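Colleague: below are the sequence and a predicted model; questions follow.
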Amino acid sequence: MDKLPIVLDLAGTFVFALSGAVAGARRRLDLFGVLVLAFAAGNAGGITRDVLIGAVPPVAVADWRYLGVSLLAGLVTFYLVPVVVRMRSAILMLDAAGLALFAVTGASKALAHGLSPVTAVALGVVTGIGGGMARDLLLAEIPTVLRAELYAVAALIAAAIVVVGQMLQLPAAPVTAAALLACFALRVTAIRRGWRLPVAKLDEAGDPVKPPPQDGG
Amino acid sequence: MDKLPIVLDLAGTFVFALSGAVAGARRRLDLFGVLVLAFAAGNAGGITRDVLIGAVPPVAVADWRYLGVSLLAGLVTFYLVPVVVRMRSAILMLDAAGLALFAVTGASKALAHGLSPVTAVALGVVTGIGGGMARDLLLAEIPTVLRAELYAVAALIAAAIVVVGQMLQLPAAPVTAAALLACFALRVTAIRRGWRLPVAKLDEAGDPVKPPPQDGG
Amino acid sequence: MDKLPIVLDLAGTFVFALSGAVAGARRRLDLFGVLVLAFAAGNAGGITRDVLIGAVPPVAVADWRYLGVSLLAGLVTFYLVPVVVRMRSAILMLDAAGLALFAVTGASKALAHGLSPVTAVALGVVTGIGGGMARDLLLAEIPTVLRAELYAVAALIAAAIVVVGQMLQLPAAPVTAAALLACFALRVTAIRRGWRLPVAKLDEAGDPVKPPPQDGG
């Protein structure tokens, strides 16, 4: 797993950073704000994972290339807005790939630091969804991952496959491939078909909803 | 203090997680979102404390039982919404107990890591109120603890009793009992009587309020 | 740089804490909420820097004087609201001085911990702007630093001067003076003249803006 080329990790960072930069530009942030959103979306997941497992300084802080690709994504978004907007659905696919990649590397790194299987799965999910959560929180919005189409579940499945594979001592390469593929396929299918998790039967006032609206939210 | 059975700590986590899950369900998060809110409300205070004192990985990350009771609280809330809603005032009492417990364990752990008395009191407060703050911030709301009925003050008193007791080398058991009782009693009384801290005499525009409306907010 | 008297660092903390307390009082937080906002605005930047470089417990947590000056700023704001409000423009100047100071000390500390030049500049910026970001996020608002008049750019320039100076092995005292002066002068001029960074040509819906409104935001 350690051999998963860093170029892939940087590619995932770049794609996530694009999503942050687009969100920041939409809310009329200035150039610096867009760059901050790009960095946060691209790296908050990995930074949180590294702080929690005690691997400080986090790799995204210590290795300037993570900052570099994040700023590049921010600048591209800022100065080529029409191009980025036109590529919106391509970016959504790339984002699904980034999610798969981050969930896998996050779970692997947690295992490599001797954390328990359950914790490793959780940290895989954190690595995958942390960037998107930071992006939304910086814009004072409820993170979409808490309501989106099976976003976190896809990350969870990828992380779980990695952890179970290592517990069973299966060879790393096919396990990694299976984890990446499962996450990517589930996420893309969820987007296409609008699959969602159920929503609680509770209204804003905190009272139970009588006729459960299954399409709520 | 180290002998404060972990079962109590997990019970506090469970109660706080309930408050997070209810808040998430009210805002129409999906199942995953409700579980995240449950985990954040149950564990953000302890995780922040552990990261700040350098005790990484935080116990709530390393020990899967914290994740377990949090997810259990989230699932119970999600699938038994009417029951949880009916128990609302019981949960408020349990929440006061959880606050007392977390403030005490937070201050004790900080002292055990060699931090100064002032810092230990502050970290006791952070442990007690961090979960509720994370819960509200994830929902893009101003944390209620910054405006609620003597919530943080109750935690502060519990943490201060623990720290002063240890400085005076009083026996741990009665000091702990006094701290728990003082926090719980103050919080419950504040809820019943609507006790609040004063609010600054300043309006939204930042100008001083002329006739101070003592019931502001 | 280590000899930069701690009294200056505490003065910067006090000024930043004032800005947090004023923001909290405006939003009708209670006394505790105002104190939390004061502490967060005064110390979140330094705490984030210390957690990221592994210097835990962060100095703002371990040294009670940081908590002390923060609470003092909160109490002063709370009980002397009209005075603080009347000093608004003086506080804006002091805030610019605090920004310069924090950016310089942040970058220096990162270099002293052996981080790379690029990372040191980034951590200088984080130290300078982290407090203001925490203040705004706790109030569920988009951080103003992501849209304000060259706030972060001023911090960036100060941090870059410190890092380049050390790379060229220039004497520390004049380099520090130049960094402080450049940041302060740029920030004050930006406030006076309303200088801003450009804003992305994208509307709320995510579509490119046709006739670019250069005064946007």
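Modeller: Noted; the coordinates are in hand.
Colleague: near chain C, which residues of chain A? Just list them.
Modeller: Within chain A, the positions near chain C by C-beta under 8 Å from any C-beta of the partner chain are A:22, A:24-34, A:36-37, A:47, A:51, A:56-58, A:61-62, A:64, A:67-68, A:77-78, A:81-82, A:85, A:88, A:137-140. The way it works is simple: take the backbone N, C-alpha and C, and place the C-beta from them, glycine included.
Colleague: and if we set it to 6 Å?
Modeller: A:25-26, A:28-34, A:36, A:56-57, A:61, A:64, A:78, A:81-82, A:139-140 (C-beta under 6 Å from any C-beta of the partner chain).
Colleague: what subset of those residues is buried?
Modeller: In the residues of chain A next to chain C, burial by neighbour count holds for A:25-26, A:28-34, A:36, A:56-57, A:61, A:64, A:78, A:81, A:139-140, counting by 16 or more other C-beta atoms under 10 Å in any protein chain shown.
Colleague: narrow those to those in helices?
Modeller: A:25-26, A:31-34, A:36, A:61, A:64, A:78, A:81 (DSSP state H).
Colleague: of the residues of chain A next to chain C, list those near chain B.
Modeller: Applying C-beta under 6 Å from any C-beta to the residues of chain A next to chain C, those adjacent to chain B are residue A:140.
Colleague: follow-up on the earlier one: Throw the ones in helices among the buried ones among the residues of chain A next to chain C into TSV and include pLDDT and distance to residue B:189, thanks.
Modeller: Listed next are those as TSV, based on pLDDT from 0 to 100; distance: C-beta to C-beta, whole Å:
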residue	pLDDT	distance to residue B:189
A:25	88	50
A:26	86	47
A:31	92	52
A:32	92	48
A:33	92	45
A:34	93	49
A:36	94	44
A:61	91	46
A:64	91	55
A:78	90	55
A:81	78	57
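Colleague: which residues touch the lengthiest helix in chain A?
Modeller: Determined from DSSP H, the single longest helix within chain A is helix A:88-112. Here helix A:88-112 makes contact (C-beta atoms under 6 Å, 6 or more residues apart in numbering or on different chains) with A:1, A:8, A:12, A:15-16, A:18-19, A:45, A:49, A:120, A:123-124, A:127-128, A:155, A:158-159, A:162-163, A:166, A:176, A:179-180, A:183-184, A:187-188.
Colleague: below-threshold pLDDT in chain A: ranges please.
Modeller: A:1-4, A:201-217 (pLDDT under 70).
Colleague: helices of that one, start to end?
Modeller: Counting by DSSP H, the segments of chain A that form helices are A:6-26, A:31-53, A:59-62, A:64-79, A:81-86, A:88-112, A:117-138, A:151-167, A:172-193.
Colleague: of all these, which one is nearest residue C:170?
Modeller: helix A:64-79 (22.1 Å; C-beta to C-beta).
Colleague: who are the packing partners of that closest one?
Modeller: Secondary-structure packing of helix A:64-79 (3 or more C-beta pairs under 6 Å, 6 or more residues apart in numbering or on different chains; DSSP states H and E): helix A:6-26, helix A:31-53.
Colleague: deepest in the core, which of those is it.
Modeller: Comparing the helices and strands packed on helix A:64-79 by mean neighbour count (mean count of other C-beta atoms under 10 Å in any protein chain shown), helix A:31-53 ranks first with a mean of 27.
Colleague: look at residue A:92 and say how many residues are nearby.
Modeller: Per other C-beta atoms under 10 Å in any protein chain shown, the neighbour tally for residue A:92 reads 14.
Colleague: do residue A:197 as well
Modeller: 22.
Colleague: wait, what's in contact with it?
Modeller: By C-beta under 6 Å, 6+ apart, residue A:197 lies in contact with B:30-32.
Colleague: dump those residues to CSV, plus distance to residue C:144.
Modeller: Putting the contacts of residue A:197 into CSV (distance: C-beta to C-beta, whole Å) gives the following:
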residue, distance to residue C:144
B:30, 32
B:31, 35
B:32, 32
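Colleague: a markdown table please, covering those and showing distance to chain A.
Modeller: Converted to a markdown table, the contacts of residue A:197 look like this (distance: C-beta to the nearest C-beta, whole Å):
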| residue | distance to chain A |
| --- | --- |
| B:30 | 4 |
| B:31 | 4 |
| B:32 | 5 |
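Colleague: buried residues in stretch A:139-156, which are they?
Modeller: For stretch A:139-156, burial by neighbour count (16+ other C-beta under 10 Å) applies to A:139-140, A:142-156.
Colleague: any idea how far residue A:11 is from residue A:50?
Modeller: Relative to residue A:11, residue A:50 is positioned 19 Å away (C-beta to C-beta, to the nearest Å).
Colleague: nope, residue A:95 is what I was after
Modeller: Residue A:95 sits 12 Å away from residue A:11, going by C-beta to C-beta.
Colleague: and for residue A:173?
Modeller: For residue A:173, the distance to residue A:11 (C-beta to C-beta) stands at 19 Å.
Colleague: list the contacts for residue A:121?
Modeller: By C-beta under 6 Å, 6+ apart, the contact set of residue A:121 is A:159-160, A:163.
Colleague: make it 7 Å
Modeller: Residues in contact with residue A:121 (C-beta atoms under 7 Å, 6 or more residues apart in numbering or on different chains) are A:107, A:156, A:159-160, A:163.
Colleague: these two touch, right, residue A:155 and residue A:125?
Modeller: Yes - contact criterion C-beta atoms under 7 Å: residue A:155 and residue A:125 qualify, at 4.8 Å.
Colleague: with distance to residue C:73 added, can I get the helices of chain A in a markdown table?
Modeller: Compiled in a markdown table, the helices of chain A are given as follows (distance: least, C-beta to C-beta, whole Å):
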| stretch | distance to residue C:73 |
| --- | --- |
| helix A:6-26 | 31 |
| helix A:31-53 | 26 |
| helix A:59-62 | 29 |
| helix A:64-79 | 33 |
| helix A:81-86 | 41 |
| helix A:88-112 | 39 |
| helix A:117-138 | 25 |
| helix A:151-167 | 40 |
| helix A:172-193 | 47 |
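Colleague: run through who's touching stretch A:127-147.
Modeller: Applying C-beta under 7 Å, 6+ apart, the set of residues contacting stretch A:127-147 is A:16, A:19-20, A:23, A:27, A:37, A:40-46, A:48-49, A:99, A:102-103, A:105-106, A:151-152, A:155, A:217, B:27, B:29-30, B:32-33, B:36, B:137-140, C:137, C:140-143.
Colleague: so how far is that stretch from its chain's centroid?
Modeller: Offset of stretch A:127-147 from its chain centre (C-alpha atoms, centre = their mean, to the nearest Å): 9 Å.
Colleague: end-to-end on that stretch?
Modeller: For stretch A:127-147, the first-to-last residue distance is 18 Å (C-alpha to C-alpha, to the nearest Å).
Colleague: which residues touch the closest residue to residue A:113 other than its chain neighbours?
Modeller: Nearest residue to residue A:113 in three dimensions, chain neighbours excluded: residue A:53, at 4.7 Å (C-beta to C-beta, 6 or more residues apart in numbering or on different chains). Listed by C-beta under 7 Å, 6+ apart, the contact partners of residue A:53 are A:110, A:113, A:115, A:123, B:56-57.
Colleague: and those, which is closest to chain C?
Modeller: Nearest to chain C, judged by C-beta to the nearest C-beta, of those is residue B:56 at 8.3 Å.
Colleague: next, give phi and psi for that closest one.
Modeller: Here is the backbone geometry of residue B:56 (degrees, to the nearest 10): phi -110, psi 150.
Colleague: that one is in contact with residue A:52, isn't it?
Modeller: Yes - under the criterion of C-beta under 7 Å, residue B:56 makes contact with residue A:52 at 6.4 Å.
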